[in-house]
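>>> no FASTA, just this:
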């Protein structure tokens, strides 16, 4: 590469780093790369391509092209990172809009993270796989020094010392934290009490060893969460009350509750005035429970995911008849036992006029179901393409 070319590259990359949320500088750089035959430009274009308006076949074409490009060129594109961590596999690096954005590292590799982020400054997320002994010293300091904004901890054990280490780390950029698995009430209390986590906006906690006491600690923390995910907790009435009354949850825009079997017990969601996205997968919601839940919805939901609940046609009728879903843009009803009558009800609902996308589970798809939705004003998205029976 000529000196002029290097200078151009540097200028274009600097523009991308200065506005990481903006696609325009990336697409300018993509054109620059393609002009000299660099396929990385094609990757940038594909990953920046809008897919919301595409049907399944179009999205699959893009995903397939991305997969092919990464398989063919990842040796070259991962070379800078592999200079630091030799043989770093592709499945431990996530490319977003053309550039590495997330890496998965073992605890013993965390010391290399600042260098990785120097080489690829758009890396802002790390997934940490804990070692079996759970021993921690200052490993999280390396993560904080790298300016990481999102941390996911995998393999959390009830007795390890990673939570105390995380709580005492002087974070400056951390905004999203997910702890998996087996969080306990004392561990949640320790995180909530940390003075270094006050800028947290997104929290995910998993496992069945925490109760209302742990969630109460989160609710009282000086946080203003925008996203909260909980999975498989030990649920009781105080847990549910705490969930929607704590100050930390007053700013929640996205609530994800999976495998809790407690969605039917939620009090009025009007106490979460900013809620726009609600995910209630795998909660054993049937039609009566769904009706009771929707009657308590306060804010205008824009996304509702109900996958893997036994809704049936009766549940679809509840959705179609609910006046609380007039702002809904995305509805996910994968694997919910909805049949032809249910899809016909959804297609004819006057309350779903703003719906952009209905997501269904394709393995049970039939021609009759497709016909029931044929005149619906919204798009139907299937997770996998099959020929309707």
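Everything's here; your move. Keep in mind that what you see is a predicted model, and the values were worked out from it rather than measured.

>>> doesn't residue 336 belong to a helix?
No. Assigned with DSSP: H, G, I helix; E, B strand; the rest coil, residue 336 falls outside any helix and is coil.

>>> which residues does it contact?
Residues in contact with residue 336 (CB atoms under 8 Å, 6 or more residues apart in numbering) are 306, 307, 308, 309, 310, 311, 312, 315, 316, 361. For glycine as for every other residue, the C-beta is placed from the backbone atoms N, C-alpha and C.

>>> hmm, the fourth one is touching residue 280, no?
Yes. Applying CB atoms under 8 Å as the test, residue 309 and residue 280 come out as touching, 7.1 Å apart.

>>> restricted to strands, list the contacts of residue 336.
With strands defined by DSSP state E, no entry of these lies inside them.

>>> right, and out of those, which lies closest to residue 131?
Using CB to CB, residue 308 comes nearest to residue 131 of these, at 33.0 Å.

>>> surely that closest one touches residue 281?
Yes. Applying CB under 8 Å, one finds residue 308 in contact with residue 281, separated by 5.4 Å.

>>> returning to that earlier point: counting neighbours, which of the contacts of residue 336 end up buried?
For the contacts of residue 336, a burial check counting by 16 or more other CB atoms under 10 Å picks out 306, 307, 308, 309, 310, 311, 312, 315, 316, 361.

>>> which two among the residues you listed are spaced furthest apart?
Pairwise over those, using CB to CB, the maximum falls at 308 and 316, 15.0 Å.

>>> mind checking how far residue 119 is from residue 318?
52 Å (CB to CB, to the nearest Å).

>>> quick one, which of these two is more surrounded?
Set residue 119 next to residue 318 and count neighbours by other CB atoms under 10 Å: residue 318 wins out with 24 against 13.

>>> what sits against the more buried one?
By CB under 8 Å, 6+ apart, the contact set of residue 318 is 287, 290, 291, 294, 311.

>>> give me the phi and psi angles of it.
Dihedral pair for residue 318: phi -60, psi -50, per degrees, to the nearest 10.

>>> hmm, back to that, of the buried ones among the contacts of residue 336, closest to residue 14?
Using CB to CB, residue 307 comes nearest to residue 14 of these, at 42.2 Å.

>>> just the strands in the stretch 151-300 of the chain please.
Remark: strands assigned in the stretch 151-300 of the chain by DSSP state E, counting those that start in this stretch are 176-179, 202-206, 227-231, 254-258, 277-279.

>>> would you turn these into TSV with mean pLDDT and distance to residue 140?
As requested, the strands of the stretch 151-300 of the chain are exported to TSV (pLDDT from 0 to 100; distance: least, CB to CB, whole Å):
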stretch	mean pLDDT	distance to residue 140
strand 176-179	94	11
strand 202-206	90	16
strand 227-231	87	21
strand 254-258	87	25
strand 277-279	91	29
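
>>> could these go into a markdown table alongside distance to residue 219 and mean neighbour count?
As requested, the strands of the stretch 151-300 of the chain are arranged in a markdown table below (distance: least, CB to CB, whole Å; neighbours: other CB atoms under 10 Å):
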| stretch | distance to residue 219 | mean neighbour count |
| --- | --- | --- |
| strand 176-179 | 16 | 19 |
| strand 202-206 | 11 | 22 |
| strand 227-231 | 10 | 21 |
| strand 254-258 | 13 | 20 |
| strand 277-279 | 18 | 19 |
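
>>> I'd like these as TSV, with distance to residue 248 appended.
TSV is the format used below for those (distance: least, CB to CB, whole Å):
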stretch	distance to residue 248
strand 176-179	13
strand 202-206	9
strand 227-231	8
strand 254-258	13
strand 277-279	18
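
>>> the bottom helix or strand of the chain by mean pLDDT?
The helix or strand of the chain with the poorest confidence is helix 237-245; it has a mean of 58 (mean pLDDT, DSSP states H and E).

>>> which ones are touching residue 189?
213, 214, 217 are the contacts of residue 189 under CB under 8 Å, 6+ apart.
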